[in-house]
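Participant: Predicted model and sequence below, questions to follow.
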Amino acid sequence: MKWYTEVKAGRSPHLICYKNKILFLGSCFSQEIGRRMKQFGFEVLVNPFGVLYNPSSVAQSLIRLIEKRGIAKDDIVKDGSVYKSIYHSSEYSSLDIDKLIKSLNVSINESADFLKGADTVALTFGTTWIYKRNTDGRVVSNCHKQPAGSFERVSMTANEIVDLFSPIIEMMPGKRWFMSVSPVRHLKDGAKENMLSKANLILALNELEKKYNNVVYFPSYEIVMDELRDYRFFGPDLIHLTKEATDFIWERFVNFAMENESKELLKDYKRLYELKSHRPLFPESPEYKELLKRIDELEAFLEKKRN
């Protein structure tokens, strides 16, 4: 007897290997998958603006990188004594506005260079709900605890998302695009509003996949909703996924998107990561020196195999 509905993701028409250079942008789900790929030896850049939840914030981040457009003083707000950018998450902050702007612009220039050399972009969207500043109509990536009355809350339609990303995809025809909807629920928007939001995201990404041969949709949301339909796969907040659920999605993504040869190499990189994670009680011991030797040998083996 079958106890769950299997989501048949199949194999992506565009496969990832260790030669690829990948930019990850989007929600905390994108952050998690990108982090794992970095751990296991892939050349990736993960969320240089911090976590981004909505398509508008992701799109304007891409455009900023394409144009190499920096942050200015009118992009900065003050939260108590701390300065923050309206286009970045709260982890990018400083007590000194000039230092903040300088560090953000260095990061934007480096990220723009990475995007230019990347062959793959992976995007994950969490919600269609956006926040526009009443003063100038700009969409913020983070409200940074500003008064709720300072913003207009709007939900994007599927057509608006398609119209927003079509010119961006066409600007970079040589890149492959992996897109997905985050399985993390945005219940602060409301249960009904969350479902409508996810539905519009799926409609938009389906349309983009049909429209462009270099766009691929990975059904992360559907896998969680159908195969992991149980609260034991969610954390104490009943919103974010547990490690076990994330491990499951990671395995499905690897089988969906990764070349077979790279999947084999991934096992060795995972072993290398585990060896490097070891924290010795006695660093001067012969056993630890032997471990360091094994790490060096494995790194040399992997470098040779990659080349």
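Facilitator: Sure thing, it's come through. This structure is a prediction, so every number in the text was calculated from the model and none was measured.
Participant: Surely residue 235 and residue 241 touch.
Facilitator: Yes - Residue 235 is within contact range of residue 241, at 7.0 Å (criterion: Cβ atoms under 8 Å). C-beta here means a position set from N, CA and C on the backbone, and glycine is covered the same way.
Participant: so where's this protein uncertain?
Facilitator: 1 (pLDDT under 70).
Participant: can you map out the strands along it?
Facilitator: Here the chain has its strands, by DSSP state E, at 21-26, 43-46, 76-79, 82-85, 93-94, 120-125, 129-133, 139-140, 151-155, 176-181, 215-217.
Participant: Spell out which strands sit alongside the last one in the sheet and which way each one runs.
Facilitator: Just to be clear, that refers to strand 215-217. Looking at strand 215-217 with DSSP bridges, its partner strands are strand 176-181 (parallel).
Participant: how distant is stretch 167-183 from the center of its chain?
Facilitator: Centroid separation for stretch 167-183 versus its chain: 13 Å, with Cα atoms, centre = their mean, to the nearest Å.
Participant: What is the end-to-end distance of it?
Facilitator: 27 Å (Cα to Cα, to the nearest Å).
Participant: Same question for stretch 131-144.
Facilitator: Using Cα to Cα, the end-to-end distance of stretch 131-144 comes out at 12 Å.
Participant: Other residues contacting that stretch?
Facilitator: By Cβ atoms under 8 Å, 6 or more residues apart in numbering, the residues outside stretch 131-144 that reach it are 49-50, 52-54, 56-57, 60-61, 77, 79, 84, 86-90, 130, 149-154.
Participant: From those, list just the buried residues.
Facilitator: 49-50, 52-54, 56-57, 60-61, 77, 84, 86-89, 130, 151 (16 or more other Cβ atoms under 10 Å).
Participant: contacting residues for the closest residue to residue 35 other than its chain neighbours?
Facilitator: Excluding the flanking residues, the one nearest residue 35 by Cβ to Cβ, 6 or more residues apart in numbering is residue 46, at 6.0 Å. For residue 46, the contact set (Cβ under 8 Å, 6+ apart) comprises 24, 30-31, 34-35, 38.
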